[in-house]
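J.: Prediction below, plus the sequence it came from.
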Amino acid sequence: DVKVTQSSRYLVKRTGEKVFLECVQDMDHENMFWYRQDPGLGLRLIYFSYDVKMKEKGDIPEGYSVSREKKERFSLILESASTNQTSMYLCATILPGVEKLFFGSGTQLSVL
Amino acid sequence: SQQGEEDPQALSIQEGENATMNCSYKTSINNLQWYRQNSGRGLVHLILIRSNEREKHSGRLRVTLDTSKKSSSLLITASRAADTASYFCATDRGFGNEKLTFGTGTRLTIIP
């Protein structure tokens, strides 16, 4: 099975801090995704990447950036964390030809 | 923007009963998928149905798709306590980048 690992399960940061969320997949997949999940809003796509150094904005990219220097690692960056970025962040990758997403366990980020 | 809306938002049933969840979406799709999320964890893929299919089964799961009504339903038969989770539909609009758009979810509680 595909393994997607998110570096932190829970994270508490202060307003204005720069925050890095790391995601690693073990299957050499090209496509990787970052979603945020909020109650009543479901999952919303922040950014996705379809290869090393390639990225595209999702539906809510404002306040975020991403980095993909190696195929297995996709990082989400909050340049200056704000309280409205308190959320569950989910990383995912997709199995080519199978069309289903594999998710990490999520990072619950609290910005105080 | 949200593509899918699940209905109901929350559902509680007795163990052994059947559970039905519905999903409506707005634009044409390539396929529709259902995912399950146990509390505070990542999502797990359950089943995929393509736009040219009307019904699909997988174990105790039955999914239907009505593209004329832009809706899908997920039926879980003979529910078990372990089915307690949130269920999300996700649509692939066929842009070629395998980007999925998720609904807001149904919270299912199975009462032992």
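T.: Everything's here; your move.

J.: Check which helix or strand A:Cys23 maps to.
T.: Assessed by DSSP states H and E, A:Cys23 sits inside strand A:19-25.

J.: who's in contact with the helix or strand that that strand is followed by?
T.: Once strand A:19-25 ends, the next helix or strand along the chain (criterion: DSSP H and E) is strand A:32-38. Contacts of strand A:32-38 with the rest of the structure, by C-beta atoms under 8 Å, 6 or more residues apart in numbering or on different chains, involve A:21, A:23, A:25, A:43-49, A:58, A:60, A:64, A:66, A:68, A:74, A:76, A:87-94, A:101, A:106, B:99, B:102. Bear in mind the C-beta positions are built from the backbone N, C-alpha and C, glycine included.

J.: For the residue in chain A that chain B sits nearest to, which non-adjacent residue is spatially closest?
T.: Of all residues in chain A, the one sitting closest to chain B is A:Phe103 (3.4 Å; C-beta to the nearest C-beta). The spatially closest residue to A:Phe103, leaving aside those adjacent along the chain, is B:Gly42, at 3.4 Å (C-beta to C-beta, 6 or more residues apart in numbering or on different chains).

J.: Could you tell me how many residues sit around the one you found?
T.: Applying the criterion other C-beta atoms under 10 Å in any protein chain shown, we find 21 residues in the vicinity of B:Gly42.

J.: Next up, phi/psi of whichever residue of chain B sits closest to chain A, please.
T.: Of all residues in chain B, the one sitting closest to chain A is B:Gly42 (3.4 Å; C-beta to the nearest C-beta). B:Gly42 has phi and psi values of phi -80, psi 170 when expressed as degrees, to the nearest 10.

J.: Identify all contacting residues around the lowest-mean-pLDDT helix or strand in chain B.
T.: Least confident element among the helices and strands of chain B, by mean pLDDT, DSSP states H and E: strand B:4-7 (a mean of 79). Contacts of strand B:4-7 from elsewhere in the structure, counted by C-beta under 8 Å, 6+ apart, are A:42, B:21-25, B:87-91, B:101-106.
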